[in-house]
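1. fold the stuff below for me.
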Amino acid sequence: MYKHVLKYKYKYEKIMPKLKTKSGAKKRFSLTASGKVKGSPAFLSHNLRKRSQKMKRQARGTMILNESDAKIVKQFLPYA
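-> Numbers count the residues shown, from 1 in each chain. Predicted coordinates for the structure are as follows:
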C-alpha cells in the first residue's frame, strides 16, 4: 500500500500512492468555487421529438447535482 521513497542518503520515507481520477467523471462534471458539483442534464442526445418543448428548454445549460449524487461524484474526482 505504501511506497518507499529515498528522501535522504540513508532515510526512506513512506508516502501514500497517488489516486487516479475517473476519466469519465472529469469529462462530465466540474466543481464550483463553493464545492458544489456542476453537470449537464440527461436525456438530450436523441429521440428529442418525443420530449416536450418545456423539458428540452429546462434541460439547457448546466445544473447543480443533488447532494447524494454529488457525494458519489466527489469520490471519482479526488483532486478536484
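2. I'd like the next helix or strand past the helix or strand of the chain with the lowest mean pLDDT.
-> Scoring the helices and strands of the chain by mean pLDDT, DSSP states H and E places strand 3-6 at the bottom, with a mean of 65. Counting by DSSP states H and E, the next helix or strand C-terminal to strand 3-6 is strand 12-15.
3. show me where the protein has helices.
-> 23-28, 53-58, 67-76 (DSSP state H).
4. would you format those helices as CSV with distance to G35 included?
-> The way it works is simple: take the backbone N, C-alpha and C, and place the C-beta from them, glycine included. Formatted as CSV, the helices of the chain follow (distance: least, C-beta to C-beta, whole Å):
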stretch, distance to G35
helix 23-28, 16
helix 53-58, 25
helix 67-76, 9
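5. I figured T62 hits G39, correct?
-> Yes: counting by C-beta atoms under 8 Å, T62 does reach G39; the two are 6.5 Å apart.
6. what about the two, which has more around it?
-> Taking other C-beta atoms under 10 Å, T62 and G39 do not tie; G39 has more neighbours (16 against 12).
7. got a list of what the more buried one touches?
-> Contacts for G39 (C-beta atoms under 8 Å, 6 or more residues apart in numbering) come out as 28-30, 62-63, 65, 73.
8. before we move on, back to that, the helices of the chain: which one's closest to P17?
-> helix 67-76 (16.3 Å; C-beta to C-beta).
9. hang on, the earlier thing: any idea which of the helices of the chain gets closest to I15?
-> Per C-beta to C-beta, nearest to I15 of the helices of the chain: helix 67-76, 21.2 Å.
10. touching that closest one from outside, list them.
-> Where contact means C-beta under 8 Å, 6+ apart, the residues beyond helix 67-76 that reach it are 21-22, 24-26, 29, 36-37, 39, 65, 80.
11. let's test this: mean pLDDT of stretch 66-80, rounded?
-> On average, the pLDDT along stretch 66-80 is 94.
12. what about M16, neighbour count?
-> With other C-beta under 10 Å as criterion, M16 counts 8.
13. mind pulling the model confidence for it?
-> 77.
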